[in-house]
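Engineer: Requesting a structural model of the entry that follows:
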Amino acid sequence: MTHNVYLPFIAHNTTPKPVLSTYLENVTASRMAYAVPGQHIAWGVKWSEVEKVRGVYDWSLYDGQHANIGEYPHRITVKMTPEWARIEERKEFACAPMKPEYYWHFGNFVLEVILRYKPYAIELWNEPDVDPRIMIPSHTDYYGGWGGMSREYADFTVWTYKSVKVPGVTIMAGALMLIGEDQWQFAADLIEYGQFDVLSFHNYSHGRLYDMPFEKADRLRTMTDKPLWLSETAYQTTELYDDFEWEQAHYLEHLVEGAKAHDIEYICWYTLAQNGWRNTDLVMDGHKKLAWYSFEKLIGGDV
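Structural biologist: Below you'll find the predicted structure:
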């Protein structure tokens, strides 16, 4: 059996447009039917699901998802700590950090992910700058966990990088939400003390706030010369209105147009299809929205 290896996209200012990807919470065949040839896929694998029992791996939740991705180049976010490995002070949160003595268990899990699924990049956690103690409890299965523990997260990236870094696989740290000054301090500590190939961040816009991702990228650029990847973004609303589809498509085109000027090398839209969160899907209920057609043209270089 042969496998394709996709090299990381970390060269500065060498391409006219960023790499374009879409995130999928669950990679089903029906969702992948809307993927555009030439795009990238992002998805997540939860340590808490794979190693519920220490030393016992169960990949059944993810093998089928990987098979559905097929030949599309993809990256994986690894996140969520099994209950047996969580620090005591946040033991009730799935997103909690692990005890340092279990870092090597996490490292083994990540190496297995790399060997099994062959992503071109691994992202270490999802929005770790959020403190779970201020979150809705049901949300702690998805993001957050290290808020208020920036040095610990930075040390975690150093340990993980040294343990799992292999040729051809980019290590992404951050996935930062960056919505308050405490989270910007988290970013500063990560940049100063952490180790990684790419710094990733998130941005969700609404109204006319098209330039929020550029503002975040510009501020991050004053702090680091690492490649910047916008690993989650979308234009969102909780209530649909007449101009929403047009505004959403415009936001996507505006992002791609301005990415090079603001040193953003990768853009990942959340999500491709059938997720339903805040109307961000490019495809809803089988309806390809204007943003999906913009995405298709951008992949083909027509916009």
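Engineer: List the residue ranges of the stretch 1-150 of the chain that fall below the pLDDT cut-off.
Structural biologist: Scanning the stretch 1-150 of the chain for pLDDT under 70 picks out 1-16.
Engineer: so how far is A96 from W84?
Structural biologist: For W84, the distance to A96 equals 12 Å [CB to CB, to the nearest Å]. In short, each C-beta sits where N, CA and C put it, glycine included.
Engineer: So which of the two has more stuff around it?
Structural biologist: More crowded of W84 and A96, by other CB atoms under 10 Å: A96, with 24 against 15.
Engineer: Doesn't that one belong to a strand?
Structural biologist: No - counting by DSSP: H, G, I helix; E, B strand; the rest coil, A96 is not part of a strand but coil.
Engineer: which one is it nearest to, not counting chain neighbours?
Structural biologist: Leaving out its chain neighbours, the residue that sits closest to A96 by CB to CB, 6 or more residues apart in numbering is R90, at 3.7 Å.
Engineer: Help me confirm that the one you found comes into contact with E83.
Structural biologist: No - here R90 does not reach E83: they are 11.1 Å apart, not a contact under CB atoms under 8 Å.
Engineer: all strands of the stretch 151-300 of the chain, in order?
Structural biologist: All strands of the stretch 151-300 of the chain, identified by DSSP state E, counting those that start in this stretch, fall at 170-176, 198-205, 228-235, 264-270, 283-284, 287-288.
Engineer: Could you do the stretch 1-150 of the chain as well?
Structural biologist: 19-23, 40-46, 74-79, 121-124.
Engineer: In a markdown table: the ones you listed, plus mean neighbour count and distance to Q183.
Structural biologist: Listed next are these as a markdown table, based on neighbours: other CB atoms under 10 Å; distance: least, CB to CB, whole Å:
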| stretch | mean neighbour count | distance to Q183 |
| --- | --- | --- |
| strand 19-23 | 22 | 20 |
| strand 40-46 | 23 | 21 |
| strand 74-79 | 24 | 17 |
| strand 121-124 | 26 | 16 |
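Engineer: Can you check the distance spanned by stretch 217-231, start to finish?
Structural biologist: Using CA to CA, to the nearest Å, the gap from the first to the last residue of stretch 217-231 comes to 12 Å.
Engineer: Check the average confidence over that stretch, would you?
Structural biologist: Here stretch 217-231 scores 98 as its mean pLDDT.
Engineer: quick one: it to chain centroid distance?
Structural biologist: 15 Å (CA atoms, centre = their mean, to the nearest Å).
Engineer: can you list the residues that contact it?
Structural biologist: For stretch 217-231, contacts defined as CB atoms under 8 Å, 6 or more residues apart in numbering pick out 9-10, 12, 18, 42, 77, 123, 172, 174-175, 184, 187-188, 191, 196-203, 213, 255, 259, 262-268.
Engineer: which of the residues in that stretch are buried?
Structural biologist: By 16 or more other CB atoms under 10 Å, the buried positions in stretch 217-231 come out as 217, 220, 224, 226-231.
Engineer: quick revisit: tell me the buried residues within the contacts of stretch 217-231.
Structural biologist: The neighbour-count criterion (16+ other CB under 10 Å) marks 9-10, 18, 42, 77, 123, 172, 174-175, 184, 187, 191, 196-203, 213, 255, 259, 262-268 among the contacts of stretch 217-231 as buried.
Engineer: OK, contacts around L24?
Structural biologist: By CB under 8 Å, 6+ apart, the contact set of L24 is 31-32, 41-43, 65, 271-273, 275.
Engineer: Distance to P73 for the strands of the stretch 151-300 of the chain - can I get that in JSON lines?
Structural biologist: Compiled in JSON lines, those are given as follows (distance: least, CB to CB, whole Å):
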{"stretch": "strand 170-176", "distance to P73": "12"}
{"stretch": "strand 198-205", "distance to P73": "15"}
{"stretch": "strand 228-235", "distance to P73": "14"}
{"stretch": "strand 264-270", "distance to P73": "11"}
{"stretch": "strand 283-284", "distance to P73": "20"}
{"stretch": "strand 287-288", "distance to P73": "22"}
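Engineer: How about the contacts made by I134?
Structural biologist: G147.
Engineer: Okay, it and D182: tell me how far apart.
Structural biologist: Separation of I134 from D182 (CB to CB): 10 Å.
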